[in-house]
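[1] sequence first, then the predicted structure:
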Amino acid sequence: MFAMIYANAQVRPEAYLSKLPSVPGDICSDETQGKDEFFSKVNEISEQLQTEMERRHENNDAKVDAGKPKMMDNAMKQTGVSPELIQQLQALEKQSKGASGDQKKAYDAQKKALADQMMQQSMNISMGEVENLKKMDKAGQKAWATAYATEKQAEVAADPKKYQDQNAREMQKYNLVKSQKQLSDSLNAQQNRYMAKFREIDENEDGSKLLAKIEGIRNEIREEYSKTTRTDQKLIELRSKLVAAKTSYCNLQSPRYIKVLAEYKSFILSSMSAYYRLEKLSNEVTKMQTGVDISPEPGQLGLGNVSSYIHQLLDAYKYNLYGSEDLTIG
C-alpha cells in the first residue's frame, strides 16, 4: 500500500494523512516493540511525503522559470513603456558589462536618456521635471501637483471607458487579494491556536513540578554513587522512586498531548477544502498580477500541513522518559 503512494505521480495530502498510524495506547509503558513499529511507519510515510513535496517544488520552480520572460514582458507593458525602449535598455545593459572609464560614462549617459524616455512614456513626466521639482519650494510643488492632477483628469475625460476598465480590473484584484488575506489569516490563526495548545502542555505547572522532582531524584542517585559506602538497596529504592515519578509525569502529560494531537489532525482534515480554496485564490492573484498561470499542483498547502502534523506525531512519546538510567544499579 505504501509503495502505491510513492509510485503515484501526484498524491493528495488526504492520502498521506489516512495512512499514518494511530498513537499506541500503551504510550507510557517501557515496552519498545510497539514504539519502534510506530516510529518506523511514521518515518516511512514522512519520507514519501518529503519526496512528493520536493518533486512538486522542482516542477513549480521549472514552471516559474519558464514563465519569467512573459512575466517581465507583462510587467513592462503595465508600465506603458514601449517594447522597443525596453529592448534597447536590455541591449545596453549587456553591452556595458565590463566597461570602464569614458566608455562606461558614455553607456551611463545612454541609459539615463533611455530612462528619461521610459519615464515620459509611463508617467508623462521627464527626469528634468523631477529634478526641478526637488528644487521648488512648497508652493511651487503644490502648484505643479495641481497641474499634474488636472492633466490626468483630462486624460480620463478623453477616454473614460479605458479608465473604467482599468478601475474595474484594479477592484477585482483588490477583492481577490482581500479574500485571500482574510482566508489566510483565519487559517493561520487556527494553526497558531493548536501550536499554543502544544506549548501549554510543555509549560504546565504540574508537569514542571514533576520534572523538578525527577531531577531531584537523579541528583540523589548521583550523590549516592559518590559515596564510598553506597548500598545497592538505597539505589534500588531511588530507582523505584525515579520510575514512579516518570510514570506520573507521562500519565499526566501524554493524555493531554494525545487529545490535542487528535484535535489537530481533525482540524487538518476538516480544513483541507479551505486550503484548496486558498491555493486557488493565491493562484488567481498571481495570474492577475503577472499575467502568467504558474499554478502549482493542488494540495501543496495541505501537504505542508500533513508534514506539520507528522512533526507533532513524532513527539507522541516525548513525555515517556523511561530510559537506560532506569535499568542499571551499582
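    Cool, got the structure. Bear in mind that the values here come from a model prediction, so they are computed numbers and not experimental data.

[2] pull the helix or strand with minimum mean pLDDT from the chain.
    Least confident helix or strand, the chain: helix 2-7 with a mean of 41, by mean pLDDT, DSSP states H and E.

[3] could you point out the helix or strand that follows it?
    Using DSSP states H and E, the helix or strand that follows helix 2-7 in sequence is helix 13-19.

[4] which residues touch that next one?
    For helix 13-19, the external contacting residues (Cβ atoms under 8 Å, 6 or more residues apart in numbering) are 1-2, 5, 45, 48-49, 52, 265, 268-269, 272, 299, 302-303, 305-306, 309. All C-beta spots, glycine's among them, are computed from the backbone N, C-alpha and C.

[5] so what's R256 closest to, chain neighbours aside?
    I201 (5.0 Å; Cβ to Cβ, 6 or more residues apart in numbering).

[6] do the same with P24
    Ranked by Cβ to Cβ, 6+ apart and with sequence neighbours excluded, the top spatial neighbour of P24 is G34, at 4.5 Å.

[7] correct me, but the one you found touches D26?
    Yes. With contact defined as Cβ atoms under 8 Å, G34 counts as touching D26 (6.5 Å).

[8] ok, those two, which is more surrounded?
    Under the neighbour definition other Cβ atoms under 10 Å, G34 and D26 were set side by side, and G34 has more, 14 against 11.

[9] state the distance from the more buried one to P21.
    Distance, G34 to P21, by Cβ to Cβ, to the nearest Å: 10 Å.

[10] what helix or strand is the residue nearest to P24 located in?
    helix 33-79.

[11] now the angle from whichever helix or strand comes after that helix to helix 33-79?
    Once helix 33-79 ends, the next helix or strand along the chain (criterion: DSSP H and E) is helix 83-95. Computed by axes from the mean of the first three to the mean of the last three Cα atoms, to 10 degrees, the angle separating helix 83-95 from helix 33-79 equals 120 degrees.

[12] other SSEs contacting helix 83-95?
    Packing contacts for helix 83-95, counted by 3 or more Cβ pairs under 8 Å, 6 or more residues apart in numbering; DSSP states H and E, involve helix 33-79, helix 101-123.

[13] tell me which residues in it are buried?
    Across helix 83-95, burial judged by 16 or more other Cβ atoms under 10 Å covers L85, I86, Q88, L89, L92.

[14] coming back round to it: with distance to L261 and mean pLDDT added, can I get the helices and strands packed on helix 83-95 in a markdown table?
    As requested, the helices and strands packed on helix 83-95 are arranged in a markdown table below (distance: least, Cβ to Cβ, whole Å; pLDDT from 0 to 100):
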| stretch | distance to L261 | mean pLDDT |
| --- | --- | --- |
| helix 33-79 | 12 | 87 |
| helix 101-123 | 55 | 75 |
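
[15] right, so of these, which gets closest to Q233?
    Among these, helix 33-79 comes nearest to Q233, with 31.1 Å by Cβ to Cβ.

[16] M288 contacts Y174, doesn't it?
    No. With contact defined as Cβ under 8 Å, M288 does not count as touching Y174 (10.3 Å).
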